[in-house]
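A.B. asks: Okay, here's the prediction I keep looking at, along with the sequence it came from:
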Amino acid sequence: DVKVTQSSRYLVKRTGEKVFLECVQDMDHENMFWYRQDPGLGLRLIYFSYDVKMKEKGDIPEGYSVSREKKERFSLILESASTNQTSMYLCASSFSAPSYEQYFGPGTRLTVT
Amino acid sequence: AQRVTQPEKLLSVFKGAPVELKCNYSYSGSPELFWYVQYSRQRLQLLLRHISRESIKGFTADLNKGETSFHLKKPFAQEEDSAMYYCALSTLGRLYFGRGTQLTVWP
């Protein structure tokens, strides 16, 4: 059974704080992804990674960075949290081939006050 | 550019009625399309993909390249089908999601 876990289900941070969201997968997947999920906007890709130490910008990378030092772990970093980053953050992973099916974590509900 | 459109934000039907969730896409190549579902307080999960042509939980979806559509259908909706449904297009290892349709099935 594929397992994608995220470090926190709920997180409350103050404006200006540095925030780390952690994601771990146990399926030896090459690809990992960070999305934010907002009502009416669906899922928007922030960053993704095809391999260790590799990263690619998604559609909304501004205000975020990522780190992938190990294959199983992909971290999302908010350098200076702002209120417009209050959202649900979803991590996902997938193999490179033959299927691009993505497996999702439970999500982290981040509130920035 | 790749784009996935789900024109209905909300869809309500009564139990036992047919349901169709619409999805249109734009993509110049040969698309790989998925439907994902998120039940209340659960993680997002794959419902079905067009290449497998299977029926999951009574749902089917047919790829219509002429109309660039991948609508999700079920002949008899059940209350447990109430959920958020996302259509997604896969290309170069990433997914492009539509904005989602919240389906409510009334008893």
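C.D. replies: Nice, thanks for sending it over. Numbers count the residues shown, from 1 in each chain, chains lettered A, B, ... in the order given.
A.B. asks: where are the low-confidence patches of chain A?
C.D. replies: Within chain A, the stretches with pLDDT under 70 are A:1-2, A:97-99.
A.B. asks: pLDDT (mean, whole number) over stretch B:53-67?
C.D. replies: Averaged across stretch B:53-67, pLDDT comes to 87.
A.B. asks: what's in contact with it?
C.D. replies: Contacts with stretch B:53-67, where a contact means Cβ atoms under 8 Å, 6 or more residues apart in numbering or on different chains, come from B:23-24, B:31, B:33, B:35, B:47-48, B:50, B:69-76, B:78, B:81. No exception for glycine: its C-beta is placed from N, CA and C like everyone else's.
A.B. asks: What residues sit buried inside it?
C.D. replies: For stretch B:53-67, a neighbour-count test (16 or more other Cβ atoms under 10 Å in any protein chain shown) marks B:Phe59, B:Ala61, B:Leu63 as buried.
A.B. asks: Could you point out which of the residues you listed is nearest to A:Thr108?
C.D. replies: Nearest to A:Thr108, judged by Cβ to Cβ, of the buried residues of stretch B:53-67 is B:Phe59 at 28.8 Å.
A.B. asks: picking that back up, what subset of the contacts of stretch B:53-67 is buried?
C.D. replies: Applying 16+ other Cβ under 10 Å to these, the neighbour count classes B:23-24, B:31, B:33, B:35, B:47-48, B:69-72, B:74, B:81 as buried.
A.B. asks: Using the three-state scheme, assign B:Ala1.
C.D. replies: On the three-state scheme (DSSP: H, G, I helix; E, B strand; the rest coil), B:Ala1 is labelled coil.
A.B. asks: in the sheet, who's paired with the nearest residue to it once chain neighbours are set aside?
C.D. replies: Counting by Cβ to Cβ, 6 or more residues apart in numbering or on different chains, B:Ala1 lies nearest to B:Ser26, which is 7.3 Å off, once chain neighbours are set aside. Bridge pairing for B:Ser26 (DSSP bridges) gives the partners B:Arg3.
A.B. asks: Can you tell me the number of residues neighbouring the one residue in chain B that gets nearest to chain A?
C.D. replies: Nearest residue of chain B to chain A: B:Arg99, at 3.8 Å (Cβ to the nearest Cβ). When neighbours are counted by other Cβ atoms under 10 Å in any protein chain shown, B:Arg99 registers 19.
A.B. asks: Check the one 4 residues further on too.
C.D. replies: Taking other Cβ under 10 Å as the neighbour definition, B:Leu103 ends up with a count of 21.
A.B. asks: Get me the contact residues on chain B for chain A.
C.D. replies: B:6, B:9, B:32, B:34, B:43-46, B:49, B:86, B:90, B:93-95, B:97-100 (Cβ under 8 Å from any Cβ of the partner chain).
A.B. asks: Sort out for me which of the residues you listed are in helices.
C.D. replies: Of the residues of chain B next to chain A, none are assigned to helices by DSSP state H.
A.B. asks: filter the residues you listed to the buried ones?
C.D. replies: Taking 16+ other Cβ under 10 Å as the criterion, what is buried in those is B:6, B:32, B:34, B:44, B:46, B:49, B:86, B:90, B:93-95, B:97-100.
A.B. asks: on contacts alone, who are the packing partners of the lengthiest strand in chain B?
C.D. replies: In chain B, assigned by DSSP state E, the strand with the most residues is strand B:83-91. Using 3 or more Cβ pairs under 8 Å, 6 or more residues apart in numbering or on different chains; DSSP states H and E, the elements in contact with strand B:83-91 are strand B:3-5, strand B:32-38, strand B:94-97, strand B:101-106.
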